[in-house]
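> Sequence first, predicted model second:
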Protein chains: 2
Amino acid sequence: MTKSARFNAIYGICGDKKAAAKYAEEICFEQTVEFPDVLIPNDFIRDNVVGRVESLKKIGRVYEAVISYPVAVAASELTQFINVIFGNISLKPEIRLNRLDLLDNLLRVFKGPRYGCKGLRKLLKVASRPLLCTALKPLGLKSSELAERAYQFALGGIDIIKDDHGLTDQPYANFGDRIKMCAEAVSMANRKTGFKCIYVANITAPVSQLKQRALIAKSHGAGALMIAPGITGFDAMRELAEDHDVALPFFSHPSFQGSFVVSPESGISHYVIFGQLPRLAGADAVIFPNYGGRFSFSRQDCADIIGGCRVKMGHIRDIFPCPGGGMSLERIPNMAKFYRSDVIYLIGGALFAQGKNLVDNCRYFSRLVCKYNKISIPSR
Amino acid sequence: MTKSARFNAIYGICGDKKAAAKYAEEICFEQTVEFPDVLIPNDFIRDNVVGRVESLKKIGRVYEAVISYPVAVAASELTQFINVIFGNISLKPEIRLNRLDLLDNLLRVFKGPRYGCKGLRKLLKVASRPLLCTALKPLGLKSSELAERAYQFALGGIDIIKDDHGLTDQPYANFGDRIKMCAEAVSMANRKTGFKCIYVANITAPVSQLKQRALIAKSHGAGALMIAPGITGFDAMRELAEDHDVALPFFSHPSFQGSFVVSPESGISHYVIFGQLPRLAGADAVIFPNYGGRFSFSRQDCADIIGGCRVKMGHIRDIFPCPGGGMSLERIPNMAKFYRSDVIYLIGGALFAQGKNLVDNCRYFSRLVCKYNKISIPSR
């Protein structure tokens, strides 16, 4: 057995011990050589290319297999790394990718989040309290109307105002106008409040326009960018996040990624798809549906996301979990206990439902978060 | 009700009629405004932005909802189109995207496959018989060894020789060398046989290298390109397929797309994810695991893929289904009845297992296909 550098992927496999052991062996071949053992032409390939089952243990109802792959197989590419850990076996039910256990031999390929939790706090000048986020909506408003809402949110003490992820470049509010007017509105409010609220522009777009939109957003004063890596691919986010011309924080949106997690036995764990992978791809915060909202994530799913956002991964920074998805203000006491302070609260529609005055609603949101986190309310 | 141009997406929804009707209504809002009806500020948005349930019918065990969306919401972007049809609701179990019903008002945005079935047949000079395809493997061989295999495959009468999708830019056989040597080997064999075998280079790669790899492959003589849109995003394939500098046929590989189809109640149908979407994104052939192979697709799943590859979609060309995934030569009689002539047979490992002489094995493959499709064997 050679000592080629390897990394581990940990899978949950259904079935009895014998079936799970067979399945684990199959993963080793399927994800690398796609060739039966008997046809492998030499031992170099067997030792340096094929995956290896390092352990197989019953954990709860499934068997957990630790499988190691040679680092060289991943070719220093996020795309091929994703292909190795879950490419073809995504097509097989009853295998779930649970965790990645990565060392510097692989991590050095990735820069990871440029800001991470600490960097984002520094940028926003918020030392330790939870951050407040809301979304510009609905799609269909004119740019000036969205900008007016952004202004009121910022005035009310929201830290992060993001585009709804469906706002791209529609005729109602085209990309350039929307970004310019919303960023200016937030900036104007900041001058009034003395706060450092940022506007997060959604740049999810056709590949050829991604960098262009990132730079337009930056030039207009957007403070961060949002992208849906389920649609653009994780690598498109990584590339922009690592780009020194862009150099803004990135928010990862879960659109089109849900199918990885809707089955508890198949797909990819919340820990990996909303934690470890977005970090490798340079996200500074990851948006996901909170437990008890209008989606179906459980408390445990959300705890797993927090885990994936924070687990030690060499030089790759910790990132913010950003739970949203139909949260009401009544949920804040419960969320405060669960998420503590390193969290971005994303409250969208509920901020409108609270009362007619958006600024007052935002201030109420802020007071609630401060109260249940036992911190004093930021002065304005 | 206004007459804004709309397109239809058809979803299967679990539950009783009342629950399904409620779910269908929720989809209309979730996929567009992400805002409750009562908070929508005006009727323009209600009529021109929000989705609309056109019908709800029980089909088998589920309710099928036809939901129409305004074309403008999709912003003439494949990325936003994907977001509208299944972005956020991917996060909800028990909704499945079954079909897309698209008119020229939306289809005109997309060029679709450059070649399609007819174009690929013309390129390969094969009028009507099924096409024969195999894969270069295993990962870990040197470029010269892969090229030697490619030569023998081409000599044996294979029409299409594709890279295994795990071959990207590993140290064993880096991208440039592999492409050059394999393309030359195929070209050399063609000069000997008089056939028009093509080498399909896998260009799945980090976003910034995609076009570069496409052009390198073309310059070395690759006859087509393969990409895994589950990893790169569908739009990356679309962009390259529509690029006049590239102008080669595209093979879509299913890596990392399996989670969309592993649950029968959730995700996206085989018809859409391996048929309609790759066509919109410019694929000329779509690779998928055949029924009865080492994956879990059923005959019906494969029939659905054929349907999605061929359904009338305006000017968007028909494409080839390319079933593979652990097919043995013994399956050919059965497959011949099922797929008829407009199919690309992808046989990988089994071509090696048949006997020691690869050229003979390929000829045997060719004879079998011809025999069970009742056609004469191509002369050599």
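Perfect, thanks for sending it.
> C-alpha only now, for contacts and for neighbours.
Will do.
> just the CA coordinates of stretch A:316-333, formatted as PDB?
This file holds the C-alpha atoms of stretch A:316-333, laid out as PDB (Å, rounded to 0.1, in the frame of the first residue of the first chain):
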ATOM      1  CA  ILE A 316     -10.900  27.800   5.500                       C
ATOM      2  CA  ARG A 317     -12.800  30.400   7.600                       C
ATOM      3  CA  ASP A 318     -16.000  29.900   9.600                       C
ATOM      4  CA  ILE A 319     -19.100  31.300   8.000                       C
ATOM      5  CA  PHE A 320     -22.500  32.600   9.100                       C
ATOM      6  CA  PRO A 321     -25.600  30.500   9.100                       C
ATOM      7  CA  CYS A 322     -28.400  32.700   7.700                       C
ATOM      8  CA  PRO A 323     -31.800  31.000   8.500                       C
ATOM      9  CA  GLY A 324     -34.800  32.400   6.700                       C
ATOM     10  CA  GLY A 325     -37.700  31.000   4.700                       C
ATOM     11  CA  GLY A 326     -40.900  32.200   6.200                       C
ATOM     12  CA  MET A 327     -39.700  33.200   9.700                       C
ATOM     13  CA  SER A 328     -42.000  35.300  11.800                       C
ATOM     14  CA  LEU A 329     -40.900  37.700  14.500                       C
ATOM     15  CA  GLU A 330     -42.600  35.400  17.200                       C
ATOM     16  CA  ARG A 331     -39.900  32.800  16.500                       C
ATOM     17  CA  ILE A 332     -37.100  35.000  17.700                       C
ATOM     18  CA  PRO A 333     -37.100  34.000  21.300                       C
END
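> So which bits of it are buried?
A:316-329, A:332 (16 or more other Cα atoms under 10 Å in any protein chain shown).
> is stretch A:326-334 anywhere near chain B?
No: counting by Cα under 8 Å from any Cα of the partner chain, chain B has no neighbours in stretch A:326-334; the shortest distance is 9.1 Å.
> which residues sit against that stretch?
A:289-290, A:292-295, A:346-351, A:365, A:368-369, A:372 (Cα atoms under 8 Å, 6 or more residues apart in numbering or on different chains).
> try stretch A:187-197
By Cα under 8 Å, 6+ apart, stretch A:187-197 touches A:123-125, A:151-152, A:154-155, A:157-161, A:186, A:380.
> where's it relative to the chain centroid, distance-wise?
A distance of 27 Å separates the centroid of the chain from that of stretch A:187-197, by Cα atoms, centre = their mean, to the nearest Å.
> Over to stretch A:114-128?
For stretch A:114-128, the distance to the chain centre is 16 Å (Cα atoms, centre = their mean).
> looking only at pLDDT, what's the mean for it?
Mean pLDDT, computed over stretch A:114-128, is 97.
> Pull out the buried residues from that stretch.
So, applying 16+ other Cα under 10 Å, buried residues of stretch A:114-128: A:114-121, A:124, A:126.
> so residue A:288, which of the three states?
Recorded secondary structure, residue A:288: strand (DSSP: H, G, I helix; E, B strand; the rest coil).
> What's the mean pLDDT across whichever strand or helix holds residue A:132?
Per DSSP states H and E: residue A:132 is located in strand A:131-136. The average pLDDT within strand A:131-136 is 97.
> That one packs against which elements?
Applying 3 or more Cα pairs under 8 Å, 6 or more residues apart in numbering or on different chains; DSSP states H and E, one finds that strand A:131-136 contacts helix A:143-155, strand A:160-163, strand A:344-346.
> Out of the ones you listed, flag the one nearest chain B.
Chain B lies closest to helix A:143-155 among these, at 10.6 Å (Cα to the nearest Cα).
> Just give me the neighbour total for residue A:36.
15 (other Cα atoms under 10 Å in any protein chain shown).
> quick one: the residue positioned nearest the centre of chain A and residue B:59, what's the gap?
For chain A, the residue nearest the mean C-alpha position is residue A:286 (3.0 Å; Cα atoms, centre = their mean). From residue A:286 over to residue B:59 the distance is 38 Å, taken as Cα to Cα, to the nearest Å.
> What pLDDT does the model give whatever residue of the stretch 1-150 of chain A ends up closest to chain B?
Scanning the stretch 1-150 of chain A for the residue nearest chain B gives residue A:91, at 3.8 Å (criterion: Cα to the nearest Cα). Residue A:91 carries a pLDDT score of 96 in this model.
> Could you tell me the phi and psi values at it?
Backbone torsions of residue A:91, given as degrees, to the nearest 10, read phi -80, psi -10.
> I'd say it and residue B:259 touch.
Yes: shown here, residue A:91 and residue B:259 form a contact pair, counting by Cα atoms under 8 Å, at 6.4 Å.
> So if I had to pick from these two, which one is more boxed in?
Comparing residue A:91 with residue B:259 by other Cα under 10 Å, the one with more neighbours is residue B:259, at 30 against 26.
> just checking, the more buried one touches residue B:270?
No: using Cα under 8 Å, residue B:259 is not in contact with residue B:270, being 11.1 Å away.
> Report the angle between the biggest helix by length in chain A and helix A:143-155.
When chain A is parsed with DSSP state H, its longest helix is helix A:175-193. Using axes from the mean of the first three to the mean of the last three Cα atoms, to 10 degrees, the direction of helix A:175-193 lies 30 degrees away from that of helix A:143-155.
> other SSEs contacting the following helix or strand past helix A:175-193?
The helix or strand immediately downstream of helix A:175-193 is strand A:198-202, counting by DSSP H and E. Applying 3+ Cα pairs under 8 Å, 6+ apart, we find strand A:198-202 packed against strand A:160-163, helix A:175-193, strand A:224-227.
> Just put those in TSV and tack on mean pLDDT.
Shown next, in TSV, are those (pLDDT from 0 to 100):
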stretch	mean pLDDT
strand A:160-163	98
helix A:175-193	98
strand A:224-227	98
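> any chance of these in CSV, with mean neighbour count too?
Output for the helices and strands packed on strand A:198-202, formatted as CSV (neighbours: other Cα atoms under 10 Å in any protein chain shown):
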stretch, mean neighbour count
strand A:160-163, 26
helix A:175-193, 21
strand A:224-227, 26
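> Which one of these lies nearest to residue B:46?
Shortest distance between residue B:46 and these, using Cα to Cα, is found for strand A:160-163: 19.5 Å.
> ok, the closest one near chain B or not?
No: contact of strand A:160-163 with chain B is not found when judged by Cα under 8 Å from any Cα; the minimum separation is 11.5 Å.
> Show me what from the stretch 251-380 of chain A comes close to chain B.
A:254-263, A:266-267, A:295-296, A:349, A:352-353.
> Give me the subset of those residues that lies in helices.
A:349, A:352-353.
> Of those residues, just say which sits nearest to chain B.
residue A:349 (5.9 Å).
> pLDDT at that closest one, what is it?
87.
> Which parts of the stretch 201-350 of chain A are strands?
Counting by DSSP state E, counting those that start in this stretch, the segments of the stretch 201-350 of chain A that form strands are A:224-227, A:250-252, A:267-268, A:285-289, A:320-324, A:344-346.
> Indicate which one of the ones you listed is closest to residue B:109.
strand A:224-227 (22.2 Å).
> quick one: the closest one to chain centroid distance?
Worked out by Cα atoms, centre = their mean, strand A:224-227 lies 11 Å from the chain centre.
> Check which helices and strands that strand sits against.
By 3+ Cα pairs under 8 Å, 6+ apart, strand A:224-227 packs against strand A:198-202, helix A:207-220, strand A:250-252.
> Could you dump the ones you listed into a markdown table and include mean neighbour count?
Below are the helices and strands packed on strand A:224-227 laid out as a markdown table (neighbours: other Cα under 10 Å):
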| stretch | mean neighbour count |
| --- | --- |
| strand A:198-202 | 29 |
| helix A:207-220 | 19 |
| strand A:250-252 | 28 |
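> could you dump these to a markdown table with mean pLDDT and distance to residue B:301?
Below are the helices and strands packed on strand A:224-227 laid out as a markdown table (pLDDT from 0 to 100; distance: least, Cα to Cα, whole Å):
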| stretch | mean pLDDT | distance to residue B:301 |
| --- | --- | --- |
| strand A:198-202 | 98 | 36 |
| helix A:207-220 | 98 | 30 |
| strand A:250-252 | 98 | 32 |
